[in-house]
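Chemist: Sequence plus the predicted model coming up.
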Amino acid sequence: MTTPEHAASRFGWAWLALATALALHVTDEALTGFLAVYNPAARTIRSHLPFLPLPTFTFGTWLAGLALGILLLLAFSSAAFRGLWWLALLAYPLGVLMFMNGLGHIAGTVYT
């Protein structure tokens with residue numbers, strides 16, 4: 001049987017793994033010129049589907065926004081290790097967002 005302390009510890013380590021994976025993902029995208037592919041694709045998709053709110057970014061704005069997000073994830077890691085219920089609720093939409101991002105990358109790769 002899992003104790004609440006063990007469950008909180010597992011959630012904390014999973015939260016840290018997510019933050020680390022996202023940091024590595026952003027680093028990979030920054031080093032391989034992701035925005036040179038994303039921005040033209042976003043403009044093309046918007047021209048065909050104007051109801052989709054796909055933004056375009058400058059490198060600095062994009063990187064600063066993602067770095068801030070990663071820092072927030074790391075700042076919440078102590079709450080994750082304590083097993084705070086509101087952070088678990090936040091993890092569900094974050095997980096959906098990450099899943100959708102992964103599907104977007106896969107779809108882009110298959111398409112090209």
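Modeler: Everything's here; your move.
Chemist: tell me what the helix or strand encompassing residue 101 is packed against?
Modeler: Using DSSP states H and E, residue 101 falls within helix 85-111. Judged by 3 or more Cβ pairs under 8 Å, 6 or more residues apart in numbering; DSSP states H and E, the packing partners of helix 85-111 are helix 4-31. The C-beta positions use only the backbone N, C-alpha and C, and glycine is treated the same way.
Chemist: okay, residue 3: pLDDT?
Modeler: What the model reports as pLDDT for residue 3 is 83.
Chemist: next one: phi and psi at it?
Modeler: phi -80, psi 160 (degrees, to the nearest 10).
Chemist: and it, how far is that from residue 86?
Modeler: Distance of residue 3 to residue 86, given as Cβ to Cβ, to the nearest Å: 21 Å.
Chemist: residues touching the residue nearest the centre of the chain, list them.
Modeler: The centre of the chain sits closest to residue 98, judged by Cα atoms, centre = their mean, with a distance of 4.9 Å. Listed by Cβ atoms under 8 Å, 6 or more residues apart in numbering, the contact partners of residue 98 are 18, 22.
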